[in-house]
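Based on what follows, work out the 3D shape:
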Amino acid sequence: MRNFVIATSLGLLATACNPDIGEDRDPPVLKVVTPQRSLIRDHAGTLVVSGTVAPNPSTLAQVKKVTVNNVPAMLAADGTFTASIELQPGATLIETVATDSDGSKADDTRSVEAGDLRTPTSPINAALTMALSTNAFSKIAGAASTLIKSTDFKPLLGAFNPVMHSGDDNGEDCLFARAYVDDFKLTNAVITLTPVAGGLAFSAKLDNVDVPGHVRYAVACASGQNTIRVQASSVLLSGTLLITPDGMNGFQTELDKPVVQLQNLNISASGIPGTILDLIPLDSLIAKVAPLAAKMFMGPMVNKALGGLAGPKELMVLGKTLVLQVSPSAIAFDPQGGLVTLDTSIFIKDTTSKGYIFTDNGMPAMDPGPGLVLGIADDLANNMLAQLIATGLLDITMPKDGGTFDATKITMTSPPMVSADPADGKMRLILPDMTTTFLQQGAPVGKAAINATLELKITPSATGYGISVDLGAPTIKADVLDDIPNQTLLTDSDLAKAVELGLDNQIKTISALLGSIPLPAMPGGITLKDTSITSDDGYVMFKATLE
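Got it, this is the predicted structure:
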C-alpha cells in the first residue's frame, strides 16, 4: 500500500485521462441533501437520508436504485429519494450509492457522530477495566522472583529506620538502643502469588539473606555505636497481600499477618554490651525487616501491573503537555483471579476544546482465560482525539505532485472518533469528513471531502511486556465537492489515493497520542502472546496470555 502511494503521483494524470481505468466515468448525478456533512447530534436512533439523483447527461441511463448503507431508498419519479437507517451511538459513515441501468454507480460518503457532548476535563468512570487469571498472577510472581534479586533495598528501607528501638521514648538518654538496617541482600528467591477472597496469598522463599546494619546506644550515660550483621541461610515469608484503592496514589499494599520462618540464623554483634542486646533482640531483626522489604518491593510492582499511576502524571506528547490522572475505583479478588476498575482523566494543557462525544458504556464480559483481558472505554480515546483537533496538529499542508496540483491541504471538520463497526462489532477509528483542498502554485484547483476508516489495534510494545495502541492502514473514501470547480481532472477514487500520503502524517500523530494512554505494564521478563482484539459494550477489548 505505501509503495503504491509513492508511485501514485506519477500515474494520477494518466489515470484521469484514460476512461478505461478506475471508476465509472459516466455515473448518475447524485446529490445528498440530508444529513449535512460533519453532523453531530445528541442521540442515536432513526436517521433520515434524502437527496436527488438524475441520469448522467452523456448516457441518459435510467437510475434503477439508491441504497443507503445497503438499505433500499424510496425513489420517486422526479429523482428525489429518502431512506431511514438506524444510527448507532458513536461515529457512523453514511454511504449512499445510486446505480443506473448501465450498471454505473455514483456514491457519497459522509459522517454522523451521535452522543452527549462533555467537557474534556470530565473524569471517565471505568475508563479501564482489567481481569487477571490465576495463571497471570503466577507469571507475575515468577517475574518478581527474578527481579527481587537485583533490587537495591537500601533506599527502600531507609524510611523505616530505626527498625528496632527501645528506651528512647523521651529521646536518647542514659540507656537506649536503636538498630538501623543498612541493606537487605539475598542470592535467590521463589515468590508465589495466588488469588484468594480479599487479596493475594503471598509466599517468598529467600536464600542466603544478609542484613548488615548498625546500632546506636548508651549504657550508664556512655554512648556508643557498632556494626551488626544478621544472616540466615533461608527465610520463608508468608501472608496475604491486601490491595486497596488509594485515589490518585494508585493502590495501597499491605502484607497482612506475616509469618516468618528462619533457618541457620547467624548474628554478628561483637562489641555491643549485653544490656543493649537485651533491649533489641537481634534474633528477630530479619522477622521485622523481611515483611517491610516484601511490601516495599511488591507494592510498586502490583501497582504498575494493575494500572495505578501513583499520582497525576505530566507527559510531553507531540510538543504538548498531557496531564494524566488515574484513580482506581474498585478491586476484587477471588480464587479465579482479580478484577480492577480505574477512572481516568486526560487533558492537554493550554488547549481549548469544545469537548468530546460521550457514549454510554455497559460492563464488558471480563473473562481472562489463562491470561488477562483489558477493556479500554472508547470515550477515553475520543476525549484525547477531540482535544487533539483543538491543537491544530491534524490540519496539515504538504507538497504532493499530482500532475494537475502540487500540494494538498487537509482540514479537520469533526473530531476523529473510535467506535464499534455496526456490521462486525470491531473497534475502528473514523477520520470524518475532512476537507481536502488541492492547490496548484497556491491556488485551489479542487476540493474533496475525505472519510477514512482505520482498524484499531492493541499490540505488545517494543519491550515485550507492555502494551500499546496502534492503527492499521486506512480505507479512504473521497467525494469531489462543488465548492471549487474540479480542475484536477481526477475522479473520487484517484483523489482518495492522492491524499493517502498526507493521512500517513495524521495517523502517526494520532498513534503517538493514543500511545500515551496509561495501560497496565507487566514486569520485565513477561511477554504477551496469543493476542486478540474485539469490542464489547463500548470497550476495546484486548486479550492475551502471559509467558
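
Just give the strands next to the strand of greatest length in the chain in its sheet, each with its orientation.
For the chain, the longest strand by residue count, based on DSSP state E, is strand 222-245. Take DSSP bridges as the rule and strand 222-245 pairs in its sheet with strand 199-219 (antiparallel), strand 251-263 (antiparallel), strand 266-268 (antiparallel).

Switch these over to TSV; also include mean neighbour count.
Heads up, the C-betas are built off the backbone N, CA and C, glycines and all. Below are those laid out as TSV (neighbours: other Cβ atoms under 10 Å):
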stretch	mean neighbour count
strand 199-219	21
strand 251-263	16
strand 266-268	13
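
Which of those strands sits closest to Ser516?
Comparison of the strands paired with strand 222-245 against Ser516 by Cβ to Cβ identifies strand 251-263 as nearest, at 21.3 Å.

Kindly export the closest one (C-alpha atoms) in CSV.
Extracted in CSV, the C-alpha atoms of strand 251-263 (Å, rounded to 0.1, in the frame of the first residue of the first chain):
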residue,chain,number,x,y,z
PHE,A,251,-3.1,1.2,45.2
GLN,A,252,-2.0,0.6,48.7
THR,A,253,-0.4,-2.7,49.5
GLU,A,254,-0.1,-4.3,52.9
LEU,A,255,1.2,-7.7,53.9
ASP,A,256,-1.4,-9.0,56.4
LYS,A,257,-0.5,-11.3,59.2
PRO,A,258,3.0,-12.1,58.1
VAL,A,259,4.7,-15.3,59.2
VAL,A,260,8.5,-15.6,59.1
GLN,A,261,10.5,-18.8,59.5
LEU,A,262,14.3,-18.8,59.6
GLN,A,263,16.9,-21.4,59.1
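
Next, the distance between the ends of stretch 347-356.
11 Å (Cα to Cα, to the nearest Å).

right, and the strands paired with strand 222-245 - which one's nearest Gly274?
Nearest of the strands paired with strand 222-245 to Gly274, taken as Cβ to Cβ: strand 199-219 at 9.6 Å.

distance between the closest one and the chain's centre?
Distance, stretch centre to chain centre, for strand 199-219: 39 Å (Cα atoms, centre = their mean, to the nearest Å).

try stretch 350-357
19 Å.

and the end-to-end length of that stretch?
When the termini of stretch 350-357 are compared using Cα to Cα, they are 20 Å apart.

do the same with stretch 327-344
Terminal-residue distance, stretch 327-344 (Cα to Cα): 6 Å.

Give the rounded mean pLDDT of it.
For stretch 327-344, mean pLDDT is 92.

which parts of it are buried?
Residues of stretch 327-344 classed as buried under the neighbour-count rule (16 or more other Cβ atoms under 10 Å) are 327-329, 331, 333, 337-344.

give me every residue that touches the residue lying farthest from the centre of the chain.
Distance to the chain centre peaks in the chain at Ala220, reaching 63.4 Å (criterion: Cα atoms, centre = their mean). By Cβ atoms under 8 Å, 6 or more residues apart in numbering, the contact list for Ala220 reads Cys174, Leu175.

what's the longest helix belonging to the chain packed up against?
Longest helix in the chain, counting residues (DSSP state H): helix 492-514. Packed against helix 492-514 by the contact rule (3 or more Cβ pairs under 8 Å, 6 or more residues apart in numbering; DSSP states H and E) you find helix 2-17, helix 378-391, strand 396-399, strand 407-411, strand 427-440, strand 443-460, strand 467-480.
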